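K.L.:
predicted model follows, preceded by the sequence.
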Amino acid sequence: MAGPGGFSVSGYGPQRGTWTRLAARDSMVRRLDWPLMFSALALSLLGSLLVWSATRNRTQLNQGDPYFFLLRHLLNTGIGFALMVGTIWLGHRTLRGAVPALYGLSVVLVVLVLTPLGATINGAHAWILLPGGFSLQPSEFVKVTIILGMAMMLAARVDAGDQEHPDHWIVAKSLGLAVVPMIIVMMMPDLGSVMVMVVIVLGVLLASGASNRWIIGLVGAGAIGAVAVAALGVLDEYQINRFAAFANPELDPAGVGYNTNQARIAIGSGGLTGTGLFKGSQTTGQFVPEQQTDFVFTVAGEELGFVGAGLILLLLGVVLWRACRIAREATDLYGTIIAGGIITWFAFQSFENIGMTLGIMPVAGLPLPFVSYGGTSMFAVWIAVGLLQSIRVQRPLAAL
C-alpha cells in the first residue's frame, strides 16, 4: 500500500490503519523545513526577552506588572505557532478554495477601522479595540490575503496548463484585487503597511513570471503616486515630519528626529557584546519611545551588542534563505507565487524596521517580524510560515 509520502506502507488486520496514519505523520515531519521553523521560533523567543527588557520598568504601560508584556508576547507566539500548525494541516492548496472568503473578510475588517469601531494608536488610525484590552490591526492580515488572492488568480491558468505565463488581463485583475484594500489602508492613513503591500505586489508579479513591462510600469506609477499623495495632503503632519527628519536628521533632534537619534545612541552604546540584558542605560532610562514594538532592535543593539544584533540578522537571513529555497523548488506556480510574496514581505519589512533604527530609512511604524511585540503582526507572520511549510510538505519526499 502506498503511503502519503509515496513509500510503501504494509500492515494487516486492524493495525493497518494505524500503520498508515503513523507513516503519514512521519512523512509530514520529515518534509517540514526545520531550519525555517527553528529560526522563526528563536526570533520570537529572543524577541520575548527584548520586549521584557524594554517594558519591565515602564509602569505607565505594564500596569505595574513587569511580566505583563513578556507573558503577552509569549501568548501571541503560542497562538501564532498554533495558527502555523493549522495552516500546515489545512494546506495551501486546500485554502485556495477559501481565498475569496478570506479576502472579503480582510477587506471588511479594514473598512471597520474607518468606522467608530476603529481606534488611533501611536498616530495611526489602524486598529480595532477588542474586549480585555486586546487590539486588532487588520492591515496585517491583508498582507496575507493579497498574496493568496493574487497567487490564486495569476496561477490558475498556468497551473492548468492553458498558459505559460499570466496574460495581461489576468495581471490587471490581480492588481485590482490588491489595490482595493491598499486604498482603504491609505485612508487610515497607514503609510508603512501600504509600502509593504506595494513591495509584496511587486514580489508576487516577479514570482509569477508576468511581463517586465508591468514591473516597470508599476514602479513608475508608484513614483507618481508618491508625489500625488504628498501634493494632495493625504498624509498626516506627523508622517510628513518623519520623512523630513529622515532627509535632514538635524532638522529637529528634540522633536520629530528624537526617536531616530535615541535609537542610534542606544545601538551605538552596545559595542561588540552589549551592556548585558536588563542593563542598558537607554533602555532602562526609557529614552527610546515604542521600544517594545517599532524600535525593539535597539534593545538588542544596546544590551546584546553587535553579537546579539548580528544574531537577529542571521536568523532573519536563514528564514529568507529557506523561503527562497521553498519558492525555487515548489511544484506549482501557485506555491511559487505565495513563497515569493512572503519573501518580499519579510525582507522589506525587516530592512525598513532595522534601517529606521539606524537612520538609513524613514520611520514608518513597522514591526520587526517575529521579534516586535504585537499580536496581529505575530499571527500574520506565523501564518506565512505555515504557508511556506505547506508548500514544502506537499513536495515529493525524493525531492527533499
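P.N.:
Yes, it's here.

K.L.:
got the residue ranges for the helices in the stretch 201-350 of the chain?
P.N.:
212-232, 237-247, 258-268, 281-284, 297-299, 305-329, 333-358 (DSSP state H, counting those that start in this stretch).

K.L.:
for the stretch 301-400 of the chain, which spans come out with low pLDDT?
P.N.:
Scanning the stretch 301-400 of the chain for pLDDT under 70 picks out 395-400.

K.L.:
same question for the stretch 51-200 of the chain.
P.N.:
Checking the stretch 51-200 of the chain against pLDDT under 70 turns up 122-123, 132-133.

K.L.:
end to end on stretch 286-299, go ahead and measure it.
P.N.:
With C-alpha to C-alpha, to the nearest Å as the measure, stretch 286-299 spans 11 Å from end to end.

K.L.:
what's the neighbour count on Asp65?
P.N.:
By the criterion of other C-beta atoms under 10 Å, Asp65 has 12 neighbours. Backbone N, C-alpha and C define where each C-beta goes, glycine included.

K.L.:
quick one: contacts for it?
P.N.:
For Asp65, no contacting residues are found, by C-beta atoms under 8 Å, 6 or more residues apart in numbering.

K.L.:
please renumber so the chain begins at 17
P.N.:
That works, and once the first residue is 17, the last one we named lands at Asp81.

K.L.:
if I look at it, how far off is Thr291?
P.N.:
Asp81 is 25 Å from Thr291, where distance means C-beta to C-beta, to the nearest Å.

K.L.:
Val67 now?
P.N.:
Taking C-beta to C-beta, one finds Val67 at 17 Å from Thr291.

K.L.:
more crowded one of the two?
P.N.:
Neighbours per residue (other C-beta under 10 Å) separate Val67 from Thr291, with Val67 holding more: 25 against 19.

K.L.:
what packs against the host helix or strand of the more buried one?
P.N.:
With secondary structure defined by DSSP states H and E, Val67 is part of helix 50-71. Helix 50-71 sits against helix 84-106, helix 313-315, helix 321-345, helix 391-409, with contacts defined as 3 or more C-beta pairs under 8 Å, 6 or more residues apart in numbering; DSSP states H and E.

K.L.:
which SSE is immediately downstream of that helix?
P.N.:
helix 75-78.

K.L.:
give the buried residues for that following helix.
P.N.:
Asn78 (16 or more other C-beta atoms under 10 Å).

K.L.:
could you do stretch 111-123 as well?
P.N.:
Under the neighbour-count criterion of 16+ other C-beta under 10 Å, stretch 111-123 has Leu111, Arg112, Val115, Tyr119, Ser122, Val123 buried.

K.L.:
surely the fifth one is in contact with Pro154?
P.N.:
Yes: assessed by C-beta atoms under 8 Å, Ser122 is found in contact with Pro154 at 6.3 Å.

K.L.:
centre of the chain to stretch 57-74, how far?
P.N.:
18 Å (C-alpha atoms, centre = their mean, to the nearest Å).

K.L.:
again, but for stretch 171-189
P.N.:
Here stretch 171-189 is found 27 Å from its chain centre; the criterion is C-alpha atoms, centre = their mean.

K.L.:
can I get it in PDB, CA atoms only?
P.N.:
Extracted in PDB, the C-alpha atoms of stretch 171-189 (Å, rounded to 0.1, in the frame of the first residue of the first chain):
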ATOM      1  CA  ALA A 171      -1.500  30.800 -11.300                       C
ATOM      2  CA  ALA A 172      -4.900  29.400 -12.200                       C
ATOM      3  CA  ARG A 173      -4.500  29.100 -16.000                       C
ATOM      4  CA  VAL A 174      -0.700  28.400 -15.800                       C
ATOM      5  CA  ASP A 175      -1.100  25.500 -13.300                       C
ATOM      6  CA  ALA A 176      -4.000  24.200 -15.500                       C
ATOM      7  CA  GLY A 177      -1.600  24.100 -18.500                       C
ATOM      8  CA  ASP A 178      -3.600  26.700 -20.500                       C
ATOM      9  CA  GLN A 179      -0.900  29.400 -20.400                       C
ATOM     10  CA  GLU A 180       2.900  29.600 -20.000                       C
ATOM     11  CA  HIS A 181       2.700  32.900 -18.200                       C
ATOM     12  CA  PRO A 182      -0.200  35.100 -16.800                       C
ATOM     13  CA  ASP A 183      -1.600  37.200 -19.600                       C
ATOM     14  CA  HIS A 184      -2.100  41.000 -19.300                       C
ATOM     15  CA  TRP A 185      -5.800  40.700 -18.400                       C
ATOM     16  CA  ILE A 186      -5.100  38.300 -15.500                       C
ATOM     17  CA  VAL A 187      -2.400  40.600 -14.200                       C
ATOM     18  CA  ALA A 188      -4.600  43.600 -14.400                       C
ATOM     19  CA  LYS A 189      -7.400  41.800 -12.500                       C
END
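
K.L.:
can you list contacts of it?
P.N.:
By C-beta under 8 Å, 6+ apart, the surrounding residues in contact with stretch 171-189 are 169-170, 190, 221, 224-227, 230, 348-350, 352-353.

K.L.:
ditto for stretch 206-220
P.N.:
For stretch 206-220, the external contacting residues (C-beta under 8 Å, 6+ apart) are 140-142, 155-156, 158-159, 162-163, 166-167, 170, 190-191, 194, 197-198, 201-202, 231, 234-235, 238, 251, 255, 353, 356-357, 359-361, 364-365, 368, 380-382.

K.L.:
can you rerun that using 7 Å?
P.N.:
The contact list for stretch 206-220, computed with C-beta atoms under 7 Å, 6 or more residues apart in numbering, reads 140, 142, 155, 158-159, 162-163, 166-167, 191, 194, 198, 201-202, 231, 234, 238, 251, 255, 353, 356-357, 359-361, 364-365, 380-382.

K.L.:
with distance to Gln405 and mean neighbour count added, can I get the helices of the stretch 217-366 of the chain in TSV?
P.N.:
Below are the helices of the stretch 217-366 of the chain laid out as TSV (distance: least, C-beta to C-beta, whole Å; neighbours: other C-beta atoms under 10 Å):
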stretch	distance to Gln405	mean neighbour count
helix 228-248	28	12
helix 253-263	36	16
helix 274-284	33	20
helix 297-300	34	20
helix 313-315	26	31
helix 321-345	8	18
helix 349-374	11	24
